[in-house]
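A.B. asks: Sequence and predicted model, in that order:
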Amino acid sequence: MSQSDVRLRGIKKQYGKLDVIHGIDLDIEPGEFVVFVGPSGCGKTTLLRMIAGLEEISSGDLSISGERVNDLPSSQRGVAMVFQSYALYPHKTVYDNMAFGLKIAKVPKPEIDRRVKEASAVLQITEYLDRLPKALSGGQRQRVAIGRAIVRDPKVFLFDEPLSNLDAALRTKMRVELKTLHRRLGATMIYVTHDQIEAMTLADKIVVLNKGRVEQVGRPLDLYTSPASLFVAGFIGSPQMNFITGEFASRSAASTVGLRPEHLKVDANGPIVGTLKHSEQLGNETFAYVDAGVLGEITARMDGTLMLAPGSAIALGFDPEHLYRFDSAGKRIS
């Protein structure tokens, strides 16, 4: 499997007078698994489709393996895209679905057979090659869609929210399988999702997008420990970081301070005092939702079982090194 770099320089997208992608610069290294993440409407799918050649680039330069590809059709860019909807032919077998693109490209039949059988072995779907898609589960259909991409031996794999149609348990299983597949193939992969858990678990590098701009690029744990802005701090991490303004923040010389739920603990002398509104006991951990008066609702993530009833008084403390400070523009104060 080939490895290719992808370079974006000043990439913009406009629909008439509406700017949706605002001059993005980004380097994706050979063999990297890069995830574009952000809320609906942030531009992540549009950016992926521009790389794929399915959306025209308004301005800027896109190169794959050192070649400028702005004006090349999708079929000549060396990319393969896996969609959310699987997009399988219902009347064709798994084998024929995987082989179809190669037949159109007039690849010799023995080579088609070799590629399909190799890809099906990697994806553990060999026993399903004679079945129609309707006889497969959602996870099996998604494997077929990935296999159809693998047989093309692309320079770059593009994934557009491929797991969003699966149930929670199957999404977890498929995340593991995708990461394992990436290690086996060593291929360059670009993946779009709105799910920050998928981003954190899959990515070598995360690109956080907000309103058509890059908020931050970095390794998953770097974004978790050192978010550059309120937006990134609030998007990366589950449950979401607590944000506090007013006098509490002013005492820390900030417009807003942030505390992650997992960094809070029950402490009789803690500075956050309130009433327990509700708790969610999950066995290994408990989420406590605390009405902290002028500080707002505070979420704390704790180990084990919290033995407090709703309405009980509770005080929370934290290690000052876990306090995040942000200025009035929402930028992190170092």
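C.D. replies: Done, it's in.
A.B. asks: now the helices for the stretch 51-200 of the chain?
C.D. replies: Per DSSP state H, counting those that start in this stretch, the stretch 51-200 of the chain carries helices over the ranges 94-104, 109-122, 138-150, 168-185, 196-202.
A.B. asks: who's in contact with the last one?
C.D. replies: Identification of contacts with helix 196-202 by C-beta atoms under 8 Å, 6 or more residues apart in numbering yields 33, 35, 37, 163, 171, 175, 178-179, 191, 193, 206, 220, 224, 235-238. C-beta: built from backbone N, CA, C; applies to glycine.
A.B. asks: re the thing from before, okay, the helices of the stretch 51-200 of the chain, which one's buried deepest?
C.D. replies: Ranked by mean neighbour count under mean count of other C-beta atoms under 10 Å, the helices of the stretch 51-200 of the chain are led by helix 138-150, which reaches a mean of 22.
A.B. asks: helices or strands next to the helix or strand bottoming out on mean pLDDT in the chain in the packing?
C.D. replies: The least trusted helix or strand in the chain, going by mean pLDDT, DSSP states H and E, turns out to be helix 168-185, with a mean of 88. Other helices and strands packing on helix 168-185, by 3 or more C-beta pairs under 8 Å, 6 or more residues apart in numbering; DSSP states H and E, are helix 109-122, helix 138-150, helix 196-202.
A.B. asks: one more time with 10 Å, if that's ok
C.D. replies: Packing contacts for helix 168-185, counted by 3 or more C-beta pairs under 10 Å, 6 or more residues apart in numbering; DSSP states H and E, involve strand 33-37, helix 109-122, helix 138-150, strand 156-160, strand 188-193, helix 196-202.
A.B. asks: And these: which comes nearest Ile314?
C.D. replies: Among these, the nearest to Ile314 by C-beta to C-beta is helix 196-202 (27.6 Å).
A.B. asks: next one: the helix or strand following that closest one to chain centre, how far?
C.D. replies: Per DSSP states H and E, helix 196-202 leads on to strand 205-210 as the next helix or strand towards the C-terminus. How far strand 205-210 lies from its chain's middle: 8 Å, per C-alpha atoms, centre = their mean, to the nearest Å.
A.B. asks: on that earlier part again, out of the contacts of helix 196-202, which end up buried?
C.D. replies: With burial judged by 16 or more other C-beta atoms under 10 Å, the buried subset of the contacts of helix 196-202 is 33, 35, 37, 163, 171, 175, 178-179, 191, 193, 206, 220, 224, 235-237.
A.B. asks: Spatially nearest residue to Thr245 (excluding sequence neighbours)?
C.D. replies: Thr256 (5.2 Å; C-beta to C-beta, 6 or more residues apart in numbering).
A.B. asks: and that neighbour, what does it touch?
C.D. replies: 230, 233, 243-246, 248-249, 324-328, 330, 333 (C-beta atoms under 10 Å, 6 or more residues apart in numbering).
A.B. asks: before we move on, back to that, just put the helices and strands packed on helix 168-185 in a markdown table and tack on distance to Ser58 and mean pLDDT.
C.D. replies: Shown next, in a markdown table, are those (distance: least, C-beta to C-beta, whole Å; pLDDT from 0 to 100):
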| stretch | distance to Ser58 | mean pLDDT |
| --- | --- | --- |
| strand 33-37 | 18 | 97 |
| helix 109-122 | 36 | 93 |
| helix 138-150 | 27 | 90 |
| strand 156-160 | 20 | 94 |
| strand 188-193 | 20 | 96 |
| helix 196-202 | 27 | 92 |
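A.B. asks: Just put the ones you listed in CSV and tack on distance to Leu276.
C.D. replies: Formatted as CSV, the helices and strands packed on helix 168-185 follow (distance: least, C-beta to C-beta, whole Å):
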stretch, distance to Leu276
strand 33-37, 32
helix 109-122, 50
helix 138-150, 39
strand 156-160, 41
strand 188-193, 34
helix 196-202, 26
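A.B. asks: Can you give the strand pairings for whatever helix or strand Arg7 lives in, parallel or anti for each?
C.D. replies: Using DSSP H and E, Arg7 sits within strand 6-15. Note on strand 6-15: by DSSP bridges, its sheet partners are strand 18-28 (antiparallel), strand 59-64 (antiparallel).
A.B. asks: Using a markdown table, lay out those together with mean neighbour count and mean pLDDT.
C.D. replies: Converted to a markdown table, these look like this (neighbours: other C-beta atoms under 10 Å; pLDDT from 0 to 100):
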| stretch | mean neighbour count | mean pLDDT |
| --- | --- | --- |
| strand 18-28 | 17 | 95 |
| strand 59-64 | 17 | 97 |
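A.B. asks: Good, we can wrap up now.
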